[in-house]
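Participant: based on what follows, work out the 3D shape:
(chains A and B)
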Amino acid sequence: MTARLRPLLLHTFLATWAIVMIFPFVWMLSTSVKPAAEILQFPPRLLPYAPTLANYARAFTAAPFARFFVNSLVVTLVSTVIVVVTSTMAGYIFGKYRFPGDSAIFLILLATAILPLETYMVPLYLTMRNWRWINTYQGLLAPYLMMSFGVFIMRQYFRSAFPDEMMDAARIDGASEWRIFASVAVPTAASAMAAVAIFGAIQAWTAFIWPLIMASAQEMYTTEVGLAVFQKRYTADYGAITAGAIVSILPMIALFLFFRRYITEGIAFTGFR
Amino acid sequence: MGSTASNGSKPRPLGRAQRKWRWPPPRVTAGHTPLLLGASRSTLARYGFCYLMLAFPALLFIVFRIVPIAETLRLSVLNWDLISATKPFVGLDNFRALLQDPNFLLALSNTTTFAAVTVTASVLLALLVALPLARRVRWEGLYQLFYFLPFVAPTVPEAVAWKWICDTRNGLLNYLLSLVGVGPVPWLIEPRATLWAVMIMSVWKTLGYNMVLFIVGLRAIPAEYTEAGLIDGAAGWRLFRHITLPLLMPTVLLITVISTISAYNVFTQVYVLASDIQGSPAGLARVLIYDIFENAFRFYRMGYASAEATIFFVIVLCLTLAQFRVLRSQTE
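Facilitator: Model (predicted):
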């Protein structure tokens, strides 16, 4: 009897937890389609009587969430592309070549990942101010153009999965080092590069404190900053705020659902944070 | 050649094989030419290629990371308000002032409480769900998906959702508590309760991440050990206590250190959840990063904020050294 009861108990436990974990998202979604009167209704109801999209319309008209969304998209796309390029270049060199200073340089680049942006954001902000990069895309992007974790992933890939023999064969065929990199090595690295791209995209989209200090003009807010500012300014309009929250969360959920394996394996791989 | 080519064009999924990385990383030794001394023309050309390829990434690292890190240390001994032309050297005055600054001390104690509570709770709960999931139960993937979702989703919208759930008058949490006769708890009104609300949300957010690491750790335990335990008649709690847990201890330590570092870094959820009526965004639960942020970007005390960032820097460094010790004892 216990043999049949145990899985039942186990799944009851796991499923209850699962409900607790996704409940805030479900509640947010439900609030975002409730008319104002129903949001404040007490006791609260999970499903709205009269679902409406008016909150979304308000988030995009009363607050410029469309602009914030575009800003986030630009920053995320550019950051992801550059992070993949820099990580692949550096990772390839560290994984496949030996040269004077190689391990010292690699260790320094990797060691900088220990310190979070918050420890050095003050001087970095001052530099951006001197360069007049406040309220610009390049200012928002500056700390998100390279990723130690990405360099590490690419180095591990090239070192363990890209054989020296392929490089030697290409050399015998007369290919230059650059050609070997661009037309032999890179095409084999698509899945490692995809992993780096996903982490780069998550990092750029979810960035908060940096865009918060870099964007003082509203038209440069990212969705995260816009949401944080507007939820304070319009505390009464919970419908529109939750609609904005849904909009900012969707791209990350989509990314996660499509590339879940990469993300969990990447984390298991190094304890990325 | 054919076999290596197929090996190269079809890379293995990340992780699995390469997971056991050592620190410092082992050097590649097979068939390399000697460095510099007696290097031929072609080796020198190859070095040139290496430096050329590294130039762009290294430049970004230097300008946007390494120089600012060094600058933080330099600014921490200066007194500068962002406007005045001079930046007088004040030695350790900033640090001395910090140790008497009630805001800083409050931030330090709040952040430490936050780290202690969230790390303990998140690690224990993650272990609790990882234990069955590591044994590959049915719908395991679906469960993992649900548990992990809060970690990948951005924090600001999540905090917005929690702010609404924790609303003292109309929030769901107080409604549920009222059903069992508790409350109403002034979640985002009273400082202590606010810190608790932030901690509850943070446990919810980090649990899935710790779970993933625990599942990896649990699956790495060879089956023979648990089988031997079962043969000896150990089961359930005793099996866990005397066989699984000792073998899992390095993972537990590692996860604890990683989580503590990121807990000290808490900012976003505090910024959204803990704003007080005077308009200070984290006035109800002041944490270290918020205090640095306020000193630098609200009061323009750049030297002072840098001194504070330096203290934060030292905390992170100590925790990281602890992490490396754990990693080393794990590989030995």
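Participant: how does chain A divide up, domain by domain?
Facilitator: A:1-52, A:65-270 (automatic domain parsing).
Participant: quickly check: the first one near chain B or not.
Facilitator: I take that to be domain A:1-52. Yes. Against chain B, domain A:1-52 shows contacts by Cβ under 8 Å from any Cβ of the partner chain at A:7, A:10-11, A:13-15, A:17-18, A:20-22, A:24-25, A:27-28, A:31, A:39-40, A:42-44. From N, CA and C alone the C-beta is placed, and that goes for glycine too.
Participant: is residue A:247 within a helix or a strand, and which one?
Facilitator: helix A:238-258 (DSSP states H and E).
Participant: I meant to write residue B:227 there.
Facilitator: Assigned by DSSP H and E, residue B:227 falls in helix B:223-231.
Participant: ok, now which ones touch residue B:276?
Facilitator: Going by Cβ atoms under 8 Å, 6 or more residues apart in numbering or on different chains, residue B:276 touches B:283, B:284.
Participant: quickly note the distance from it to residue A:208.
Facilitator: Using Cβ to Cβ, to the nearest Å, residue B:276 is found at 20 Å from residue A:208.
Participant: helix or strand: which one has the most centrally placed residue in chain A?
Facilitator: In chain A, the residue lying closest to the centroid (Cα atoms, centre = their mean) is residue A:202, at 0.7 Å. Take DSSP H and E as the rule and residue A:202 turns out to sit in helix A:190-206.
Participant: close to chain B, is that helix?
Facilitator: Yes. In terms of Cβ under 8 Å from any Cβ, part of helix A:190-206 sits within range of chain B, namely A:190, A:191, A:192, A:195, A:202, A:205, A:206.
Participant: wait, which of these is closest to residue B:295?
Facilitator: Using Cβ to Cβ, residue A:206 comes nearest to residue B:295 of the residues of helix A:190-206 next to chain B, at 24.7 Å.
Participant: shaky segments in the chain?
Facilitator: Defaulting to chain A. A:1-3, A:269-273 (pLDDT under 70).
Participant: oops, I was thinking of chain B
Facilitator: B:1-39, B:234, B:330-332.
Participant: domains in it, as residue ranges please.
Facilitator: Split by automatic domain parsing, chain B gives B:37-75, B:93-331.
Participant: ok so, going back, render the CA-only coordinates of the helix holding residue A:202 in CSV, please.
Facilitator: The C-alpha coordinates for helix A:190-206 follow below in CSV (Å, rounded to 0.1, in the frame of the first residue of the first chain):
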residue,chain,number,x,y,z
ALA,A,190,27.5,27.2,-33.4
SER,A,191,26.0,25.5,-30.4
ALA,A,192,28.6,26.9,-28.0
MET,A,193,28.1,30.4,-29.5
ALA,A,194,24.3,30.0,-29.1
ALA,A,195,24.8,29.2,-25.4
VAL,A,196,26.9,32.4,-25.0
ALA,A,197,24.3,34.4,-26.9
ILE,A,198,21.5,33.2,-24.7
PHE,A,199,23.4,34.2,-21.5
GLY,A,200,24.4,37.5,-23.1
ALA,A,201,20.8,38.3,-24.0
ILE,A,202,19.6,37.4,-20.5
GLN,A,203,22.3,39.6,-18.9
ALA,A,204,21.5,42.6,-21.1
TRP,A,205,17.7,42.4,-20.9
THR,A,206,17.6,41.9,-17.2
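Participant: quick revisit: neighbouring contacts of the helix holding residue B:227?
Facilitator: Under Cβ under 8 Å, 6+ apart, the answer for helix B:223-231 is B:239, B:242, B:243, B:244, B:247.
Participant: hang on, the fourth one packs against residue B:220?
Facilitator: Read it as residue B:244. No. Applying Cβ atoms under 8 Å as the test, residue B:244 and residue B:220 come out as separate, 11.6 Å apart.
Participant: quickly list what's touching both of those two.
Facilitator: Contacts common to residue B:244 and residue B:220, judged by Cβ under 8 Å, 6+ apart, are absent.
Participant: between the two, who's got more neighbours?
Facilitator: Using other Cβ atoms under 10 Å in any protein chain shown as the criterion, residue B:244 and residue B:220 rank with residue B:244 on top: 19 against 14.
Participant: OK, contacts around that one?
Facilitator: Counted by Cβ under 8 Å, 6+ apart, residue B:244 has contacts B:131, B:218, B:221, B:226.
Participant: now these in CSV, with neighbour count and secondary structure?
Facilitator: What follows is the contacts of residue B:244, written out as CSV (neighbours: other Cβ atoms under 10 Å in any protein chain shown; DSSP: H, G, I helix; E, B strand; the rest coil):
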residue, neighbour count, secondary structure
B:131, 17, helix
B:218, 18, helix
B:221, 15, coil
B:226, 17, helix
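Participant: out of those residues, who's nearest residue B:87?
Facilitator: residue B:218 (53.3 Å).
Participant: and the closest one, how far from chain A?
Facilitator: From residue B:218 across to chain A, the span is 12 Å (Cβ to the nearest Cβ, to the nearest Å).
Participant: follow-up on the earlier one: may I see the buried residues of the helix holding residue A:247?
Facilitator: The neighbour-count check on helix A:238-258 (16 or more other Cβ atoms under 10 Å in any protein chain shown) flags A:238-249, A:251-252, A:255-256 as buried.
Participant: tilt between that helix and helix A:190-206?
Facilitator: Counting by axes from the mean of the first three to the mean of the last three Cα atoms, to 10 degrees, helix A:238-258 lies at 170 degrees to helix A:190-206.
Participant: for chain B, what is the nearest residue in the stretch 51-200 of chain A?
Facilitator: residue A:123 (3.4 Å; Cβ to the nearest Cβ).
Participant: what's the burial count for that residue?
Facilitator: 22.
Participant: same thing with residue B:317?
Facilitator: 14.
Participant: how close does the nearest residue to it once chain neighbours are set aside get to residue B:324?
Facilitator: Spatial nearest neighbour of residue B:317, excluding adjacent residues (Cβ to Cβ, 6 or more residues apart in numbering or on different chains): residue A:114 at 7.2 Å. Plainly put, residue A:114 is 10 Å away from residue B:324 if you go by Cβ to Cβ.
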